[in-house]
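Chemist: with the input below, show me the fold.
(2 chains)
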There are 2 protein chains.
Amino acid sequence: MTHDSNSPACRTINHLLQRIGDKWSVLVVMTLSEGSRRFSELRRQIPSISQRMLTLTLRNLERDGLVSRTVTASIPPRVDYELTELGHSLKGPIGALSQWALANIETIHAAQDRFDRVHDAATAA
Amino acid sequence: MTHDSNSPACRTINHLLQRIGDKWSVLVVMTLSEGSRRFSELRRQIPSISQRMLTLTLRNLERDGLVSRTVTASIPPRVDYELTELGHSLKGPIGALSQWALANIETIHAAQDRFDRVHDAATAA
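Modeler: Residues are numbered from 1 along each chain as shown, chains lettered A, B, ... in the order given. Modelled structure (predicted):
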């Protein structure tokens, strides 16, 4: 079987995996899985993210339909973010992948160390 | 709860999601899930990949312990690639994510179109 990397299904899967693979997306989705949050709350709960990256990440997640944005007219205006139904449905598959990663973290690190030792030795020889 | 993006577990998950999120990795893992392949066979089955990208992708997958590389002394030497046990165990979680993406492809495209219409209109106004 030949694998066509340009089929619409394949491109959507790649787009999603790349979105999910982005560490800020994972952290934002994880935080919002606990409930809706205001922009300032998200910044507080993910201290390492910059204002610009948080804005960009939320915009991308909103564009894919995973996060919804609600503006409440007040002074100052209040903006809340929460997972959509689609966003919530992604928690299962993402959770399975994260659990796999956690369960195999030692095996992967050992493989990386072994690979680097062999290849460093080959370079030094 | 504050999410620390620098914990070892979080970094490993991100590393893996980024590796898996790479479209060439997905295509190579999908192809190898059908059985072991020689380099030239992989190139034939994934026509859009360049020799350089295939070399790099296989090297990264080997470093993470997901793919093994066997050299058989012959003229010319024969090199076979196959999924390791760890690589095979990743098929379940990746399959779940791919199925989620396939099941929701229409919803995601509709969300993207809606978002772009609203934001293009706002830009044009």
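
Chemist: low-confidence stretches in chain A?
Modeler: Chain A contains residues with pLDDT under 70 at A:1-12, A:19-21, A:125.

Chemist: any idea which element the residue nearest the centre of chain A lies in?
Modeler: With distances taken as CA atoms, centre = their mean, residue A:26 lies nearest the centre of chain A, 2.6 Å away. Residue A:26 belongs to helix A:23-32 when elements are defined using DSSP states H and E.

Chemist: that helix and chain B, are they touching?
Modeler: Yes. Judged by CB under 8 Å from any CB of the partner chain, helix A:23-32 and chain B are in contact via A:23, A:24, A:26, A:27, A:30, A:31. The way it works is simple: take the backbone N, C-alpha and C, and place the C-beta from them, glycine included.

Chemist: measure the fourth one to residue A:16 for me?
Modeler: Using CB to CB, to the nearest Å, residue A:27 is found at 17 Å from residue A:16.

Chemist: same question for the first one.
Modeler: In this view, residue A:23 and residue A:16 are 15 Å apart by CB to CB.

Chemist: off-centre distance for the helix holding residue A:26?
Modeler: 5 Å (CA atoms, centre = their mean, to the nearest Å).

Chemist: helices or strands up against the helix or strand following that helix?
Modeler: Next helix or strand after helix A:23-32 toward the C-terminus (DSSP H and E): strand A:37-38. Packing contacts for strand A:37-38, counted by 3 or more CB pairs under 8 Å, 6 or more residues apart in numbering or on different chains; DSSP states H and E, involve strand A:78-83.

Chemist: in the strand it packs on, what's buried?
Modeler: A:81, A:83 (16 or more other CB atoms under 10 Å in any protein chain shown).

Chemist: mind giving me the packing neighbours of it?
Modeler: Secondary elements touching strand A:78-83 (3+ CB pairs under 8 Å, 6+ apart): helix A:23-32, strand A:37-38, helix A:39-45, strand A:67-72.

Chemist: so what's the closest residue to residue A:39 other than its chain neighbours bridging to?
Modeler: Of all residues beyond its chain neighbours, the one nearest residue A:39 is residue A:79 (5.5 Å), with distances taken as CB to CB, 6 or more residues apart in numbering or on different chains. On the basis of DSSP bridges, residue A:79 is bridged to residue A:71.

Chemist: what sits against the residue nearest to the centre of chain A?
Modeler: Contacts for residue A:26 (CB atoms under 8 Å, 6 or more residues apart in numbering or on different chains) come out as A:20, A:94, B:13, B:14, B:17.

Chemist: what packs against the top helix by length along chain A?
Modeler: Longest helix in chain A by number of residues (criterion: DSSP state H): helix A:105-124. If you count contacts as 3+ CB pairs under 8 Å, 6+ apart, helix A:105-124 packs onto helix B:8-21, helix B:51-63, helix B:85-89.

Chemist: so what touches the last one?
Modeler: Residues outside helix B:85-89 that contact it (CB under 8 Å, 6+ apart) are A:100, A:104, A:107, A:108, A:111, B:29, B:32, B:33, B:61, B:65, B:66, B:67.
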